[in-house]
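Student: compute the structure for the input listed below.
(one chain, ligands or ions: 2)
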Amino acid sequence: MIRLVNVNMEFRGKQILKDINLTIEQGEIMVIIGPSGSGKSTLLRLIIGLLKPTAGEIWVNNREITGLTEDELGRIRLEMGMVFQYSALFDSMSVGENVAFGLRQHTDMSEAEILRTIRRKLRMVGLRGQENAMPSELSGGMKKRVSLARAIAINPHIVLYDEPTAGLDPIMANTIDRMIVSTRRMIDATSVVVTHNMSSAFRIADRIAMIHNGSIIEAGTPDSFKQSENPIVAKFIRGAT
Ligand code: ADP
Ligand code: MG
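Tutor: Residues are numbered from 1 along each chain as shown. Ligands and ions are numbered 1, 2, ... in the order given. Have a look, this model is predicted:
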């Protein structure tokens, strides 16, 4: 579903990602871990086509995206939803309008269908009946759930999550984790989750990849990670749990 081939990314001559090779299978939850500043958010932005790599190929759903025009990328992005690190809700819009934003922009759904979709997606994230609330009235965890409802409004094939549990208390973090897993099941989405919460990674991942100094230094199942003999990986797991 997603394949990165020898992907390199530089910002102003500084190499952030080096020869990244990573394949993410249909329906899989791939968790990306790594220290702050290691290039995790950059990796997500590359997958969603907001950034172009300095070198390498990025395949999404059997199409190589680095050579596409903005129009073509726009269509590919309709297959993806992203939950941004700081929720990034439109503060002047109600919860329902936030969830409907992509539907209004990119589909010709009728108003009745849009309202049905809003209700269904808010129910999926445990926010039944909140469509008229304003973002400023919501807790951090609720905003995150609105952001998730918005990301899955178009039934994307791929959902990208950038630190979805950062800043949340452990109970809310657990709730968000369960929603990531149930979202994968309900819309059969391929999911890429960036986190530096190791207990969260172990809870939800099918596979985990760790980025360190711009390279993937370990990739495998949660069990293989727990037994990693790479001292950097072992130290990170101990320190971040
Ligand atoms: P992470 O999400 O793992 O914390 P990021 O992908 O946000 O890391 O950033 C990796 C590095 O790339 C950081 O050193 C950051 O300062 C740099 N960086 C990210 N985006 C840009 C940009 N648009 N321009 C210049 N440098 C950037
Ligand atoms: Mg980041």
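Student: could you pull out the helices for the protein?
Tutor: Using DSSP state H, the helices of the chain run over 40-47, 70-77, 95-106, 111-124, 140-151, 170-187, 198-204, 222-226, 231-240.
Student: how far does the longest one sit from the chain's center?
Tutor: Here helix 170-187 shows a centroid-to-chain-centroid distance of 12 Å under the convention C-alpha atoms, centre = their mean, to the nearest Å.
Student: ends of stretch 178-198, how far apart?
Tutor: Criterion C-alpha to C-alpha, to the nearest Å; first-to-last residue distance in stretch 178-198 is 15 Å.
Student: list the buried ones in that stretch?
Tutor: Residues of stretch 178-198 classed as buried by neighbour count (16 or more other C-beta atoms under 10 Å): 179-180, 183-184, 187, 189-198. Yep, even glycine has a C-beta here, placed from its N, CA and C like the rest.
Student: and stretch 25-35, by the same measure?
Tutor: By 16+ other C-beta under 10 Å, the buried positions in stretch 25-35 come out as Glu28, Ile29, Met30, Val31, Ile32, Ile33, Gly34, Pro35.
Student: spell out which parts of the chain neighbour ligand 1.
Tutor: Contact residues, the chain versus ligand 1 (C-beta under 6 Å from any ligand atom): Phe11, Ile16, Gly34, Ser36, Gly37, Ser38, Gly39, Lys40, Ser41, Thr42.
Student: can I have the buried ones of those as a PyMOL selection?
Tutor: Filtering the residues of the chain next to ligand 1 down to the buried ones (16+ other C-beta under 10 Å) takes a single PyMOL command:
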select buried, resi 16+34+38+39+40+41+42
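Student: farthest-separated two in the residues of the chain next to ligand 1?
Tutor: Spanning the widest gap among these are Phe11 and Gly34, at 16.8 Å by C-beta to C-beta.
Student: switch the helices of the chain over to CSV; also include mean pLDDT.
Tutor: Listed next are these as CSV, based on pLDDT from 0 to 100:
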stretch, mean pLDDT
helix 40-47, 96
helix 70-77, 89
helix 95-106, 93
helix 111-124, 95
helix 140-151, 94
helix 170-187, 92
helix 198-204, 92
helix 222-226, 94
helix 231-240, 88
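Student: can you list those helices in JSON lines and add distance to Asn62?
Tutor: Output for those, formatted as JSON lines (distance: least, C-beta to C-beta, whole Å):
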{"stretch": "helix 40-47", "distance to Asn62": "14"}
{"stretch": "helix 70-77", "distance to Asn62": "11"}
{"stretch": "helix 95-106", "distance to Asn62": "21"}
{"stretch": "helix 111-124", "distance to Asn62": "27"}
{"stretch": "helix 140-151", "distance to Asn62": "22"}
{"stretch": "helix 170-187", "distance to Asn62": "19"}
{"stretch": "helix 198-204", "distance to Asn62": "26"}
{"stretch": "helix 222-226", "distance to Asn62": "28"}
{"stretch": "helix 231-240", "distance to Asn62": "32"}
